[in-house]
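J.: got a predicted structure plus its sequence, pasted below:
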Amino acid sequence: MLKIRAFFTFLFALALANAANFTSTHGKLSVSGGKILNKSNQEIVLRGMSLYWYNGPWGGVQPGNDFYTSNVVSGLANNWGANVVRAAIGNVQQNPSNALSMAKSMMDWANSAGIYVIIDNHSHTAHRSAHATAANNFFRDVSAYVKQKSYTHVLYEIYNEPLCDNDQTNNINCNANQRTTWAQIKTFAQPVITTIRGNDPDGLIIIGTPYYSSNISAARNDPISGKNLLYALHFYAGESGHGNYREALKAAYCANFPVFVSEWGTSPASGNGTISTSNSNTWISLLEAAKVSHANWSLSNTNETSAALTGTSITGGLTNSGTYVKNLMRLNSGATLSAVGLTAQTIDCGSSVPTGPNGRIGFGTNGSLANFLSKSGADSVFAKYNALVNKSATFTASYTFTGIERPGTYLIQFYTGSTANGTVSWSGRGISSGQAQITSSGALDTYKYTEPQLITVTESPETPLNLSFNMPSANTLHAVYVYTYTADSLDSIKFNISSPVQRLATGGKHWTFDAATSVFIFEKTGGSLAIYNLRGERKAIFPASGRVSVKSLPAGAYLAVYRHGSEFNRKTIFLK
């Protein structure tokens with residue numbers, strides 16, 4: 001028995017050793033036919049972990065920085081069996097020398113560990129002028145270091161999660177009509193790619209896509225020219241609506257469009273809440289079927305359910321998420337899907353990429369209105385986007401919402417370009433009827449979102465959607481997207497959503513924030529509560545005991561940081 005046990009111990013150690021020598025085995029990577037190929041032109045899949053935000057945009061303790069060490073990187077390779085690590089480096093503009101120094105260290109440590117490394121510009125606003133200049137300089141210097149060291153294991157992620165177009169900071173609280181478009185991302189990306197190519201002609205480059213890197217369809221409709229480019233898709237398995245992204249991923253696979261899931265979580269998108277192993281299994285089974293590489297968020301011990309570790313050691317205690325994800329790393333050493341709890345999937349490209357419009361719109365996504373089931377009074381057109389143009393003052397179109405995870409109260413908006421004011425109305429068997437005002441954007445190729453309106457959904461997973469557009473005359477409207485998403489705590493106040501739909505309390509470990517009253521409630525005494533704006537400036541500090549009101553602060557988004565002894569946790573709050 002001891003001999004048998006020793007034999008299997010040897011095999012396991014051998015498998016981990018092979019994982020740790022992954023880069024020497026597979027060498028310089030390339031992209032072809034939507035897949036990542038190794039130096040022998042064989043398909044490979046990278047599976048690993050993303051570190052937490054290094055130098056995030058808040059003051060005080062940086063919870064992820066402690067894990068940017070050589071021991072963590074080598075432990076990820078040798079103890080976990082991962083073959084890629086993602087370095088989520090922030091403050092590229094504010095502290096460029098520190099960001100570059102850490103990027104160099106991560107490249108060196110990954111090289112020693114024998115795994116690939118993604119150098120990620122972890123920003124929500126990288127395309128803005130000052131940020132874009134800093135990003136270009138950062139990747140100029142990173143790629144120069146790659147050239148100097150003759151490294152072949154470095155991937156560049158030039159824009160983590162495009163989101164807001166309204167300021168120069170990593171502000172995550174912007175209106176829908178201020179969100180960054182694919183055209184803006186593309187304009188940012190092209191010179192950065194050119195800069196990298198000056199030093200690394202063949203390195204793999206990952207490009208973020210609109211709205212938290214969730215809209216790969218926008219990039220697929222208008223890709224960037226060049227070789228060895230991949231497009232980022234981020235999802236969180238516990239987030240309502242993210243399951244709809246799978247249809248876009250299937251379509252990308254069938255079109256040989258290269259996708260890299262450079263960040264995914266087992267939890268809701270906040271990083272907190274109940275992890276979903278069932279949704280994670282569905283997602284990872286699909287990624288394996290499509291041969292899509294992925295990195296899980298996050299290799300840290302932050303007070304989030306998405307964190308993988310309970311302590312400071314990578315070989316120590318694991319959270320539920322960490323236990324789940326570490327088990328997936330066995331795929332890198334040849335484990336079967338069933339051995340790690342997954343089920344093999346087959347992607348039917350006959351149904352994933354229809355020859356014409358089929359009217360199916362993923363709920364929780366930017367659904368293209370050009371993908372109609374039927375229409376009257378409108379024609380398809382392509383300007384900056386595929387859209388419907390009104391050929392008469394009034395036109396109608398019908399669709400099917402798909403991928404509705406559960407009935408509930410949601411918000412709906414429309415993305416349009418118009419030269420006049422009008423309305424759009426919606427109805428359907430399983431949804432509440434409503435109407436939104438379309439205001440002139442000044443030109444048909446200038447777009448903005450309508451104001452969000454409530455929509456109650458009573459059917460799942462699919463339900464019909466009928467739209468009616470009313471404009472003063474023909475050729476005054478380009479209707480591009482319908483966008484649906486979950487109503488959050490502020491929305492529940494604004495729209496007076498009644499219980500049990502209303503979600504006002506945001507919970508945390510030993511503390512709760514009631515958004516309705518702007519009051520924190522603490523279970524313990526003796527801690528401190530600091531409130532920062534999203535530029536990292538501390539605006540207030542309070543003893544963390546009992547009930548603490550923050551009503552005196554101006555309206556806006558803040559980062560609340562709660563410290564109690566060695567405990568440290570945080571959450572974003574919104575004050576009206």
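T.: Looks like it came in fine.

J.: mind listing what the residue nearest the centre of the chain touches?
T.: The centre of the chain sits closest to residue 234, judged by CA atoms, centre = their mean, with a distance of 3.2 Å. By CB atoms under 8 Å, 6 or more residues apart in numbering, residue 234 lies in contact with 161, 212, 213, 214, 261, 262, 263, 264. C-betas here are computed from N, CA, C, even on glycine.

J.: can you list the domains in the protein?
T.: 2-340, 354-486, 498-575 (automatic domain parsing).

J.: show me the shaky parts of the stretch 451-576 of the chain.
T.: Scanning the stretch 451-576 of the chain for pLDDT under 70 picks out 487-510, 534-535, 565-568.

J.: which parts of it are strands?
T.: Along the stretch 451-576 of the chain, the segments classed as strands by DSSP state E, counting those that start in this stretch run 453-457, 463-470, 477-486, 505-508, 511-514, 519-532, 538-549, 556-564, 567-575.

J.: okay, now the sheet partners of the fifth one, with direction.
T.: The strands that strand 511-514 pairs with in its sheet are strand 505-508 (antiparallel), strand 519-532 (antiparallel) (by DSSP bridges).

J.: name the helices or strands packed onto the lengthiest helix in the chain?
T.: The helix that spans the most residues within the chain, counting by DSSP state H, is helix 129-149. Helices and strands touching helix 129-149, by 3 or more CB pairs under 8 Å, 6 or more residues apart in numbering; DSSP states H and E, are helix 96-113, strand 116-121, strand 154-157, helix 182-199.

J.: if we go to 6 Å?
T.: helix 96-113, helix 182-199 (3 or more CB pairs under 6 Å, 6 or more residues apart in numbering; DSSP states H and E).

J.: please list the residues outside the next helix or strand along the chain from the last one that contact it.
T.: What that stands for is helix 182-199. In the C-terminal direction, the helix or strand that comes right after helix 182-199 (DSSP states H and E) is strand 205-207. Strand 205-207 has contacts (CB atoms under 6 Å, 6 or more residues apart in numbering) with 156, 157, 189, 193, 229, 230, 231, 232, 260, 262.

J.: then stretch 181-194?
T.: Taking CB under 6 Å, 6+ apart as the rule, stretch 181-194 contacts 127, 132, 135-136, 139, 158, 162, 205, 207, 210, 218-219, 224, 226.

J.: now those in TSV, with distance to residue 425 and pLDDT?
T.: Listed next are those as TSV, based on distance: CB to CB, whole Å; pLDDT from 0 to 100:
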residue	distance to residue 425	pLDDT
127	35	92
132	40	94
135	42	97
136	45	97
139	47	98
158	41	98
162	31	92
205	43	98
207	37	98
210	26	89
218	26	86
219	31	90
224	37	94
226	43	94
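
J.: out of these, which are buried?
T.: Restricting these to buried positions leaves 127, 132, 135, 136, 139, 158, 162, 205, 207, 210, 218, 219, with burial counted as 16 or more other CB atoms under 10 Å.

J.: hang on, the fifth one packs against residue 197?
T.: No - assessed by CB atoms under 6 Å, residue 139 is found out of contact with residue 197, at 10.3 Å.

J.: helices of the protein, start to end?
T.: 2-20, 22-26, 70-75, 96-113, 129-149, 182-199, 210-213, 216-221, 245-254, 277-290, 320-328, 349-352, 489-494.
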